[in-house]
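Student: Predicted coordinates and the sequence they were generated for:
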Amino acid sequence: MKDIIHAWEIPGFINVSKETKGMIKHLLLKKYRSCRKAFRALKLPERAAYEFLGKSTSFTRPTKFFILTSGLGISHENAETWIEEFKDFSRQRKGYRVNFPFAYTPLVLRSVAHTPGDGYVGSGGQVRWIQKEPKFMVQLLRKLLRRSRRPSKSQISIPRFLVKINCLKLQITLSELRSWRFVDAIMGFPRRYRVQALLALIVDEGNIDTKGNISIRMKEKDLVEAYAKLCDSLDYDRSDVRKIPNNGTFGRSYLWKSLIRANGIRKLYKDYADALATFGRIGGLWNKDQKFMERCRTALSEKAIKDAGGREMTKAILKLLSEHDALNVYQIRNLVGSSSYGRVYEKVKYWRKMGVLKRTDHGRYALA
């Protein structure tokens, strides 16, 4: 996967150091005899070009900057390493301290991965994240761009630079950031990227219950189904997606729900530990770190693992009996690959009591 973004791929405004501008000016004079002749030869607006090279605080579009450097025989790849600041708009008060080529990392994806959960995409193109505790997002943005805006109460704006980079990389539109298309776009990404997207959702929409399951509940069925597929891509054991009632402030409605079960949490924990070791706390579950660790002790307990194994055995037994007229316990045990006759017999005995199975002959059972 291409993990870099070049300056010429992102619309905006860039600036270079005073010394670099002086060097470019010197080279233009050397090659074209005057800046005016150079600007005319390169078909650049003179006033804007003079201002960019003459003022240390003046920004220009990347396209115009690369016309200048190409006219001096300097490659785009070399010239982009001179860029020190980036602005989304010409009137933006301060730019971001950015190095190009810009590294596209799992944390860059994380900056917008909260949008489907507690994010908001405005009609003007602004993306905000709304949470009671935004401090970890502030820390993340400071790490990525070396500065971030202060939260407005419980809202924090995601810099458009990061939004544009992610939309470019994911090949989606701004409005699709809150849709299933965002999740679908990262399915082919390396594991650490997919893990960050799921951790972001758990921070926003996940409920870590007392049984050790992680419950994901949302209004949009297609979004929950997309995240369920994301869990599948990470090989996390999960439940089916199902509709549940939601008694909210404005009356009765419905949500869609899927659970990451104990066996899934075992694998999630390994990915979570890797994220913390690689990225620090901003790569984790933020304000849910402690609760997750507490629930992991439940989910990773012998009882939880045994219960999960029992569910898998039940599925296997019922599937077998749907494919055969009748089987005895020894045959079932051998076909499901179990070494315990007693455990299989207890399952068969229970489901016969519940009316799911029936005994057709001495020691032989079939679906009722």
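Tutor: Structure's in. What do you need? Residues are numbered from 1 along each chain as shown.
Student: Tell me where the stretch 51-200 of the chain has helices.
Tutor: 62-70, 76-79, 106-113, 115-118, 135-145, 160-170, 180-185, 191-205 (DSSP state H, counting those that start in this stretch).
Student: buried stuff in the last one?
Tutor: Meaning helix 191-205. 192-205 (16 or more other CB atoms under 10 Å). Placement of C-beta: from N, CA and C, glycine included.
Student: which outside residues touch it?
Tutor: 106-107, 109-110, 113-114, 116-119, 131, 183, 186-187, 208, 214, 216-218, 227, 230-231, 233-234, 268, 271-272, 274-275, 278, 283-288, 292 (CB atoms under 8 Å, 6 or more residues apart in numbering).
Student: after the least confident helix or strand in the chain by mean pLDDT comes which helix or strand?
Tutor: In the chain, the helix or strand scored least confidently by mean pLDDT, DSSP states H and E is helix 302-323, which has a mean of 68. As assigned by DSSP states H and E, the chain's next helix or strand after helix 302-323 is strand 327-328.
Student: other SSEs contacting that next one?
Tutor: strand 364-367 (3 or more CB pairs under 8 Å, 6 or more residues apart in numbering; DSSP states H and E).
Student: ok, the strand it packs on: who's next to it in the sheet?
Tutor: Neighbouring strands of strand 364-367 in its sheet, by DSSP bridges, are strand 327-328 (antiparallel), strand 357-361 (antiparallel).
Student: most neighbours per residue, which of these?
Tutor: Mean neighbour count (mean count of other CB atoms under 10 Å) peaks for strand 327-328 among these, with a mean of 17.
Student: Now tell me what touches that one from outside.
Tutor: Leu320, Leu321, Leu335, Gly363, Arg364, Tyr365, Ala366.
Student: thinking again about what came up before, I'd like the helices of the stretch 51-200 of the chain as CSV, with mean pLDDT appended.
Tutor: Below are the helices of the stretch 51-200 of the chain laid out as CSV (pLDDT from 0 to 100):
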stretch, mean pLDDT
helix 62-70, 97
helix 76-79, 97
helix 106-113, 97
helix 115-118, 93
helix 135-145, 92
helix 160-170, 95
helix 180-185, 97
helix 191-205, 96
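Student: Out of the ones you listed, the one nearest Arg97 is which?
Tutor: Comparing the helices of the stretch 51-200 of the chain against Arg97 with CB to CB, the closest turns out to be helix 135-145 (6.9 Å).
Student: so where is this protein shaky, pLDDT-wise?
Tutor: Low-confidence regions of the chain, defined by pLDDT under 70, span residues 1, 148-153, 210, 212, 248-251, 297-311, 339.
Student: Domain ranges for it, per the record?
Tutor: The chain is divided into the following domains under automatic domain parsing: 4-102, 106-260, 312-367.
Student: Quick one: end-to-end distance for the shortest one.
Tutor: Its first and final residues considered, domain 312-367 spans 18 Å by CA to CA, to the nearest Å.
Student: how distant is that domain from the center of its chain?
Tutor: Its chain's C-alpha centre and that of domain 312-367 lie 42 Å apart, by CA atoms, centre = their mean, to the nearest Å.
Student: same deal with the longest one?
Tutor: Taking the mean C-alpha point of domain 106-260 and that of its whole chain, the gap between them comes to 7 Å (CA atoms, centre = their mean).
Student: thinking again about what came up before, what's the closest of the domains of the chain to Cys296?
Tutor: When the domains of the chain are compared (using CB to CB), the closest one is domain 106-260, at 7.6 Å.
Student: List the buried residues of stretch 160-176.
Tutor: Buried-residue list, stretch 160-176, by 16+ other CB under 10 Å: 160-167, 169-170, 172, 174, 176.
Student: okay, it in PDB with CA atoms only?
Tutor: Listed next in PDB are the C-alpha coordinates belonging to stretch 160-176 (Å, rounded to 0.1, in the frame of the first residue of the first chain):
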ATOM      1  CA  ARG A 160      -9.400  19.900   6.700                       C
ATOM      2  CA  PHE A 161      -5.900  19.000   5.700                       C
ATOM      3  CA  LEU A 162      -6.400  15.600   7.400                       C
ATOM      4  CA  VAL A 163      -9.900  15.200   6.100                       C
ATOM      5  CA  LYS A 164      -8.700  15.900   2.500                       C
ATOM      6  CA  ILE A 165      -5.800  13.400   2.900                       C
ATOM      7  CA  ASN A 166      -8.100  10.700   4.100                       C
ATOM      8  CA  CYS A 167     -10.700  11.200   1.400                       C
ATOM      9  CA  LEU A 168      -7.900  11.100  -1.200                       C
ATOM     10  CA  LYS A 169      -6.500   7.900   0.300                       C
ATOM     11  CA  LEU A 170      -9.800   6.200   0.800                       C
ATOM     12  CA  GLN A 171     -11.200   7.400  -2.500                       C
ATOM     13  CA  ILE A 172     -14.400   8.600  -1.000                       C
ATOM     14  CA  THR A 173     -16.300  11.900  -0.900                       C
ATOM     15  CA  LEU A 174     -16.600  14.100   2.200                       C
ATOM     16  CA  SER A 175     -20.200  13.100   2.800                       C
ATOM     17  CA  GLU A 176     -19.300   9.400   2.700                       C
END
